[in-house]
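A.B. asks: structure of the sequence below:
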Amino acid sequence: MILDRLAADTKLRVEKAKREVPFSEMCRAAFLRNADIGFPFEKALQGEGMHYICEVKKASPSKGVIAEEFPYLEIAKEYEAAGASAISCLTEPKHFLGKNEYLKEMVEEIKIPVLRKDFTIDEYMIYEAKVLGASAVLLICALLDTETLRRYIGICDRLGLSALVEAHDEKEMASAVHAGARVIGVNNRDLKDFTVDIENSIRLRKLAPKEVIFVAESGIKTSMDIERLRQADVNGVLIGETLMRRPDKKAALLELSGRLDGKNREEPGRRVQ
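C.D. replies: Below you'll find the predicted structure:
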């Protein structure tokens, strides 16, 4: 399964990183950064209406290279200008062609929170995310048991980071809830066969406490999709490929959120190509 390969490759990457910057040094650097930041990622996803986490990624294992031209800072700024609540930045280098430097530069150039989207298999990566300037990290239930999730969320709390805990099925939802996740994302893509069904988010929303910030991930292509999720009490959506394939990403996000006026206003259910 692709997730197993991603985890194995990430383990090798972390081992290399630890040789370059030892664990104790990374921890010290992380705690030197201001931890009293009020968890801006969570705050950005609270309140009325749908909130948008817009992803900056060059490639994916299922689709290959998505963006031959990749002006990542310009893309992040376009998302911010269009009203994105947060940015998701891929830092996994082998399969998604991401870089830590992308995240670090984005944090310096934009004001909205940035999620480090990577395959966290070692607590070292949480401290590293803090040093890079991230406001949140991704924790995937399929890679981490409940006790590890709880421990990693605790590390995030001490560093002033938010944890987006990702689940795909009922068992993983239970693990996320029992671990104390405050932000739960449901991946609508089955990583076993890459099929996508946004009903997965709608179904699993019922299993999360109402106070949990709930995010739908993958397969969101139309304003009608957004409306169905909003009616299911979903707080936010994480959108990547749909936006990355559009030349004008600001217009694409405005269309999805139904905020284009006049002749350019999106018709309900219109697919963003």
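A.B. asks: so where do the strands sit in the stretch 51-200 of the chain?
C.D. replies: Applying DSSP state E, counting those that start in this stretch to the stretch 51-200 of the chain gives strands spanning 51-56, 59-60, 64-65, 86-90, 114-117, 136-140, 162-167, 183-187.
A.B. asks: the fifth one - contacts with which helices or strands?
C.D. replies: In this case it means strand 114-117. strand 86-90, helix 100-109, strand 136-140 (3 or more CB pairs under 8 Å, 6 or more residues apart in numbering; DSSP states H and E). For glycine as for every other residue, the C-beta is placed from the backbone atoms N, C-alpha and C.
A.B. asks: can you check the last one too?
C.D. replies: When contacts are defined as 3+ CB pairs under 8 Å, 6+ apart, strand 183-187 sits against strand 162-167, helix 170-178, helix 199-205, strand 213-217.
A.B. asks: let's see 6 Å
C.D. replies: Counting contacts by 3 or more CB pairs under 6 Å, 6 or more residues apart in numbering; DSSP states H and E, strand 183-187 is packed against strand 162-167, helix 199-205, strand 213-217.
A.B. asks: with mean neighbour count and distance to S88 as extra columns, can I get the ones you listed in JSON lines?
C.D. replies: Formatted as JSON lines, those follow (neighbours: other CB atoms under 10 Å; distance: least, CB to CB, whole Å):
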{"stretch": "strand 162-167", "mean neighbour count": "27", "distance to S88": "9"}
{"stretch": "helix 199-205", "mean neighbour count": "19", "distance to S88": "16"}
{"stretch": "strand 213-217", "mean neighbour count": "25", "distance to S88": "9"}
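A.B. asks: out of these, which is closest to K94?
C.D. replies: Among these, strand 162-167 comes nearest to K94, with 19.6 Å by CB to CB.
A.B. asks: distance from the closest one to the middle of the chain?
C.D. replies: 8 Å (CA atoms, centre = their mean, to the nearest Å).
A.B. asks: over to stretch 79-91?
C.D. replies: On CA atoms, centre = their mean, the centre of stretch 79-91 falls 10 Å from that of its chain.
A.B. asks: first-to-last residue distance for it?
C.D. replies: 18 Å (CA to CA, to the nearest Å).
A.B. asks: would JSON lines of the strands of the stretch 51-200 of the chain with distance to I2 be doable?
C.D. replies: As requested, the strands of the stretch 51-200 of the chain are arranged in JSON lines below (distance: least, CB to CB, whole Å):
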{"stretch": "strand 51-56", "distance to I2": "18"}
{"stretch": "strand 59-60", "distance to I2": "10"}
{"stretch": "strand 64-65", "distance to I2": "13"}
{"stretch": "strand 86-90", "distance to I2": "14"}
{"stretch": "strand 114-117", "distance to I2": "15"}
{"stretch": "strand 136-140", "distance to I2": "12"}
{"stretch": "strand 162-167", "distance to I2": "15"}
{"stretch": "strand 183-187", "distance to I2": "12"}
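A.B. asks: kindly reformat the ones you listed as a markdown table containing mean pLDDT and distance to F194.
C.D. replies: Formatted as a markdown table, the strands of the stretch 51-200 of the chain follow (pLDDT from 0 to 100; distance: least, CB to CB, whole Å):
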| stretch | mean pLDDT | distance to F194 |
| --- | --- | --- |
| strand 51-56 | 97 | 17 |
| strand 59-60 | 89 | 10 |
| strand 64-65 | 89 | 13 |
| strand 86-90 | 98 | 17 |
| strand 114-117 | 98 | 17 |
| strand 136-140 | 98 | 16 |
| strand 162-167 | 98 | 16 |
| strand 183-187 | 97 | 11 |
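A.B. asks: between these, which one is closest to A17.
C.D. replies: Closest to A17 of those is strand 114-117 (CB to CB; 13.6 Å).
A.B. asks: picking up where we left off before, would CSV of the helices and strands packed on strand 183-187 with distance to K130 be doable?
C.D. replies: Shown next, in CSV, are the helices and strands packed on strand 183-187 (distance: least, CB to CB, whole Å):
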stretch, distance to K130
strand 162-167, 11
helix 199-205, 29
strand 213-217, 20
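A.B. asks: give me whichever of the helices and strands packed on strand 114-117 is most buried.
C.D. replies: Here the criterion is mean neighbour count by mean count of other CB atoms under 10 Å, and of the helices and strands packed on strand 114-117 the winner is strand 86-90, at a mean of 27.
A.B. asks: perfect, that will be all.
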